[in-house]
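# Structure, please.
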Amino acid sequence: MSRYLLPSVLALLSLILPAPVLALDSSDFPLKVFISPQVRQNDPTAPLTPLSERLRESLRRGVLDWNKLLLALPKEPTNGTYVVVLRNDIDAAANAKEAEVLQQLGFLVLTEQKEEADLVVEGVDTFLLEGSKSSTEGAIGRFASGQGLDVGKIAISLRNSSQGETNAFQLRLVMLHEIGHALGLGHIKDNKCNLMSPTRYDCQTDSPYECRPGAPRTICVGISDRQLRRVESLILTAPGEAMPVAYQEMTDYSRAVDHKITTHLLTLPPLSQRGDVELQFTPTGALQDVKITKSFGSPELDTAMTTLIKSLAPFGPLPPDTPTEKQHLNFYYTPNAPLHAEIDQLRQRFTAQLQTQAIPSGGEIQVTINGKGELRYQITRTFGDSKNNLAAGRIIESLSGPLNNLAAKEQVKFTLP
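This is a model prediction of the structure:
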């Protein structure tokens, strides 16, 4: 395999180190993971010591937990987040049987032969890994691509403070998080229920019951459908078609493009069904073409989506390490009938207030609002004079409020009336 494409990331401390990027395709799976039976110190001259079977078993389970996450993925994409409950009370025989089943999935498998491994995991008997600049409490891990391996190496500290040993659940969580980086997932900022959060990997909620804070034998992890689809796409990519792109920068670029499109979706008629779209860019970042690869329900909707995306260009230059050939980005969008209904109700109330206050029709307001109800607006077509424009603005301010079908940090843009 020839595939170097992921930046090194120090999880928890969010230290991103420069590194090559890794590309994977279907020919690379299953990925073989070797967990070193020896513990090293930050000092490379210090002698190695044996890794306890308890800690090694925690790391093994962390590897195979990723197979569990993929099993949570339904056939059809959604906009949701999946919560998977991890248990720590399975006896040795049951755990061995579960491991045997999970390894048969052909995704991540454990190997006892370091020379055949794609990814190597090492425990480090320290609280602060080499290069750390903080004494943050909690287990710390770091993924580095390459390192003479096809995928790379994960180092995990075996102490959660200067005094204590990292517990089993912490090791499993860090293992899951760092493998996420090895598979191409970046950090999800300000997300308290996502495995790829930079500061907290577990998901603490009152429901399901096993995810409540302080649960002694269970811990929960959350991961979005889009994150799992991104990992699934590696397995489905034809051999030789993986695209070597500077990972973190390209991920950020893709996310920014997706956000810009999503923000404007309510300017379209309601989508009839989930559809897919491919954006093609030139090496300079110019939008060259938009292709609907799965219809949104009708030719009219497909044309409207294409026209919208083209109107939002340019999206900015591609990251500097993008290959010279054209860059393709693929997105999918699903109907959000409840959100459309909320906006329609807002539109009706706004129109009724215009009539009540005898404000002439024909004006237009462009509104940007987030899930908290915070909004900005701009008069894009006058309601007759400055007095009426001011009154129309006051009406939309009085009608604003949280949207039940929009996440607090998401925002949408639409036009009234």
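# Show the residue spans covered by the helices in the stretch 151-300 of the chain.
168-182, 225-236, 247-263, 299-312 (DSSP state H, counting those that start in this stretch).
# Quick one: closest of the ones you listed to residue 203.
Residue 203 lies closest, by C-beta to C-beta, to one member of the helices of the stretch 151-300 of the chain: helix 168-182, at 10.3 Å. Where C-beta positions appear, they are placed from N, C-alpha and C, glycine not excepted.
# Check the offset of that closest one from the chain's centre.
Its chain's C-alpha centre lies 15 Å from the corresponding centre of helix 168-182 when counted by C-alpha atoms, centre = their mean, to the nearest Å.
# CA atoms of it as CSV?
Output in CSV follows, covering the C-alpha atoms of helix 168-182 (Å, rounded to 0.1, in the frame of the first residue of the first chain):
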residue,chain,number,x,y,z
ALA,A,168,-10.0,1.0,31.3
PHE,A,169,-12.8,3.2,29.9
GLN,A,170,-10.5,6.1,29.4
LEU,A,171,-8.1,4.0,27.3
ARG,A,172,-11.0,2.7,25.2
LEU,A,173,-12.2,6.2,24.5
VAL,A,174,-8.8,7.5,23.6
MET,A,175,-8.2,4.5,21.4
LEU,A,176,-11.5,5.1,19.6
HIS,A,177,-10.8,8.9,19.2
GLU,A,178,-7.3,8.3,17.8
ILE,A,179,-8.4,5.6,15.4
GLY,A,180,-10.9,8.2,14.2
HIS,A,181,-8.0,10.5,13.3
ALA,A,182,-6.2,7.6,11.6
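# Report the angle between that helix and helix 225-236.
Relative orientation of helix 168-182 and helix 225-236, computed by axes from the mean of the first three to the mean of the last three C-alpha atoms, to 10 degrees: 60 degrees.
# now helix 168-182 and helix 247-263, what's the angle there?
80 degrees.
# Numbering from 88 from now on, please.
Got it, first residue is 88 now, which makes that one helix 255-269.
# just checking, what packs against helix 255-269?
helix 140-158, strand 206-211, strand 228-232, strand 239-244, strand 305-311 (3 or more C-beta pairs under 8 Å, 6 or more residues apart in numbering; DSSP states H and E).
# Mind putting those into JSON lines with mean neighbour count?
Converted to JSON lines, those look like this (neighbours: other C-beta atoms under 10 Å):
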{"stretch": "helix 140-158", "mean neighbour count": "20"}
{"stretch": "strand 206-211", "mean neighbour count": "22"}
{"stretch": "strand 228-232", "mean neighbour count": "26"}
{"stretch": "strand 239-244", "mean neighbour count": "25"}
{"stretch": "strand 305-311", "mean neighbour count": "22"}
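# between these, which gets nearest to residue 453?
Nearest of those (C-beta to C-beta): strand 305-311, 29.4 Å.
# Which residues does that closest one contact?
Applying C-beta atoms under 8 Å, 6 or more residues apart in numbering, the set of residues contacting strand 305-311 from outside is 152, 156, 159, 167-175, 256, 259-260, 263, 275, 280-283, 288-292, 295, 297-298.
# again, 7 Å this time
156, 168-174, 256, 263, 280-282, 288-290, 297-298 (C-beta atoms under 7 Å, 6 or more residues apart in numbering).
# and those, which are buried?
Buried by 16 or more other C-beta atoms under 10 Å: 156, 168-171, 173, 256, 263, 280-282, 288-290, 298, out of those.
# Please identify which two of these are farthest apart in space.
Largest pairwise distance in those, by C-beta to C-beta, is 20.1 Å, between 168 and 256.
# give me the low-pLDDT residue ranges for the protein?
Counting by pLDDT under 70, the chain has low-confidence residues at 88-110, 129, 176-177, 214-226, 247-253, 276-278, 329-336, 338, 407-413, 494-496.
# can you give me the angle the longest strand belonging to it makes with helix 255-269?
Assignment by DSSP state E gives strand 118-127 as the longest strand of the chain. For strand 118-127 against helix 255-269, the angle by the same axes, to 10 degrees is 130 degrees.
# Show the contacting residues for residue 500.
350, 351, 353, 354, 453, 454, 455.
# Unless I misread the structure, it falls within a helix.
No - using DSSP: H, G, I helix; E, B strand; the rest coil, the secondary structure at residue 500 is strand, not a helix.
# Please tell me how far it sits from residue 349.
Using C-beta to C-beta, to the nearest Å, residue 500 is found at 10 Å from residue 349.
# For residue 238, give its distance to residue 159.
Note on residue 238: its distance to residue 159, by C-beta to C-beta, is 23 Å.
# Over to residue 285?
Taken as C-beta to C-beta, the span from residue 285 to residue 159 is 22 Å.
# higher neighbour count, those two?
residue 285 (20 against 13; other C-beta atoms under 10 Å).
# Need the phi and psi values for the residue lying closest to residue 151 once chain neighbours are set aside.
Excluding its sequence neighbours, the residue lying closest to residue 151 (C-beta to C-beta, 6 or more residues apart in numbering) is residue 189, at 4.4 Å. Main-chain dihedrals, residue 189, degrees, to the nearest 10: phi -60, psi -30.
# who's in contact with residue 189?
Contacts of residue 189 by C-beta under 7 Å, 6+ apart are 151, 154, 155.
# The last one against residue 171, yeah?
I take that to be residue 155. Yes - look at residue 155 against residue 171 with C-beta atoms under 7 Å: they come within range, at 5.8 Å.
# For residue 417, grab the count of nearby residues.
For residue 417, the neighbour count with other C-beta under 10 Å is 12.
# Which residues does it form beta bridges with?
According to DSSP bridges, the residues that bridge with residue 417 are residue 365.
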